[in-house]
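[1] Sequence and predicted structure below; questions after.
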Amino acid sequence: MIAAYEATVQAGIDLAADIDALAEAVAQAEQALSQAQDDLTASQESLASAQDDLTAAQDNLAQAETDLQSAVDAQNALDETATEQEVADAQTAVDDAQAAVTSAETAVSEAETAVAEAETSVAEAEVSVAEAETTAGQASDDLAEAESMLGGQAQSEVTALAEAANKSLSPEVVAEVNSLLGITSSVEDEVADLTAGSGT
C-alpha cells in the first residue's frame with residue numbers, strides 16, 4: 001500500500017515536471033509568434049517602400065517619355081533654314097531624351113522586381129505567423145490539459161494514502177506520512193484542501 005502511495009506521489013512529481021516543460025514550451029512558442037509578427041510587419045513595411053519606389057519610377061518614366069516627345073517635336077519643327085548646329089543640338093536632345101527613357105524603363109523594371117520580391121516575403125511571413133499561432137495555440141492547450149489533471153492527482157494521492165494508512169486523513173497526517181517517507185507531493189495545497197476537516 002505504501003509503495004502504491006509513493007508511486008502515486010511520484011506520478012504527481014512527474015506531472016509537475018511535465019507542466020514546467022509545457023509552460024516553457026508555451027513561452028518559447030509565444031516568443032516565436034512575436035518574432036514572426038515582427039518579421040511580418042517588417043516585410044509589410046518593405047513592400048510599402050517598394051511600392052512607393054515603383055510609383056516614383058513610373059512617374060519618372062512618364063516624364064522622360066514626355067521630354068522625349070518634346071525633343072522629337074522640336075527636331076521635326078526644324079526647317080531648311082536651320083543651321084547645322086541647330087540640327088546637331090536637336091539630335092543630341094533627342095538622343096539624351098531617349099537615353100533617359102531607357103534608363104527610366106530599367107528603373108521601373110527593377111522596381112517591379114523589388115515589389116514582387118517584397119510581396120513574396122510578405123506571403124512567406126504570413127505563413128510563418130499562421131504556423132506560429134498554431135504552435136502557440138497547441139502548446140497552450142497542452143499546458144491547460146496538464147494543469148487540469150492536478151485536481152485528479154491530488155485526489156489520487158489522498159485515496160492512495162487513505163488506503164495505505166487505513167484511516168481518515170487530515171493535512172497533518174498527510175504531512176507526517178510524507179515526512180516519514182521522505183517524499184514531497186507536487187500537489188500539497190490541493191491535498192490539504194481535500195483532507196481539511198477530516199478526522200484523524
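    Received the coordinates, thanks.
[2] Okay, helices next: where are they in the chain?
    Ranges of helices in the chain, per DSSP state H, are 2-76, 84-148, 150-165, 171-181, 188-195.
[3] possible to save those as JSON lines with mean neighbour count?
    For the C-beta atoms, the positions are set from N, CA and C on the backbone; glycine is no exception. Formatted as JSON lines, the helices of the chain follow (neighbours: other Cβ atoms under 10 Å):
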{"stretch": "helix 2-76", "mean neighbour count": "16"}
{"stretch": "helix 84-148", "mean neighbour count": "15"}
{"stretch": "helix 150-165", "mean neighbour count": "18"}
{"stretch": "helix 171-181", "mean neighbour count": "15"}
{"stretch": "helix 188-195", "mean neighbour count": "18"}
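[4] Comparing the ones you listed by mean pLDDT, which bottoms out?
    If you rank those by mean pLDDT, helix 171-181 sits at the bottom with a mean of 65.
[5] Excluding covalently adjacent residues, which one is nearest to D39?
    With Cβ to Cβ, 6 or more residues apart in numbering as the criterion, D39 has its nearest non-adjacent residue at 5.0 Å, and that residue is A125.
[6] The one you found and A36 touch, don't they?
    Yes: using Cβ atoms under 8 Å, A125 makes contact with A36 at a distance of 7.0 Å.
[7] Need the residues touching each of those two.
    Taking Cβ atoms under 8 Å, 6 or more residues apart in numbering as the contact rule, A125 and A36 touch no residue in common.
[8] Report the backbone C-alpha coordinates of stretch 86-104 in CSV.
    Extracted as CSV, the C-alpha positions of stretch 86-104 are listed here (Å, rounded to 0.1, in the frame of the first residue of the first chain):
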residue,chain,number,x,y,z
GLU,A,86,20.7,73.7,-84.5
VAL,A,87,20.2,70.3,-86.2
ALA,A,88,23.0,68.8,-84.2
ASP,A,89,21.7,70.2,-81.0
ALA,A,90,18.2,68.9,-81.8
GLN,A,91,19.6,65.4,-82.4
THR,A,92,21.6,65.5,-79.2
ALA,A,93,18.4,66.5,-77.3
VAL,A,94,16.5,63.5,-78.8
ASP,A,95,19.4,61.1,-78.1
ASP,A,96,19.6,62.3,-74.5
ALA,A,97,15.9,62.1,-74.0
GLN,A,98,15.8,58.6,-75.5
ALA,A,99,18.6,57.6,-73.1
ALA,A,100,16.6,59.0,-70.2
VAL,A,101,13.6,56.9,-71.3
THR,A,102,15.7,53.8,-71.5
SER,A,103,17.1,54.4,-68.0
ALA,A,104,13.7,55.1,-66.6
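[9] Residues touching that stretch, excluding its own?
    Stretch 86-104 is contacted by residues 57, 60-61, 63-65, 67-68, 70-72, 74-75, 78, 82 when judged by Cβ under 8 Å, 6+ apart.
[10] Next: stretch 64-74.
    Among residues not part of stretch 64-74, those counted as contacts by Cβ under 8 Å, 6+ apart are A90, A93, V94, D96, A97, Q98, A100, V101, S103, A104.
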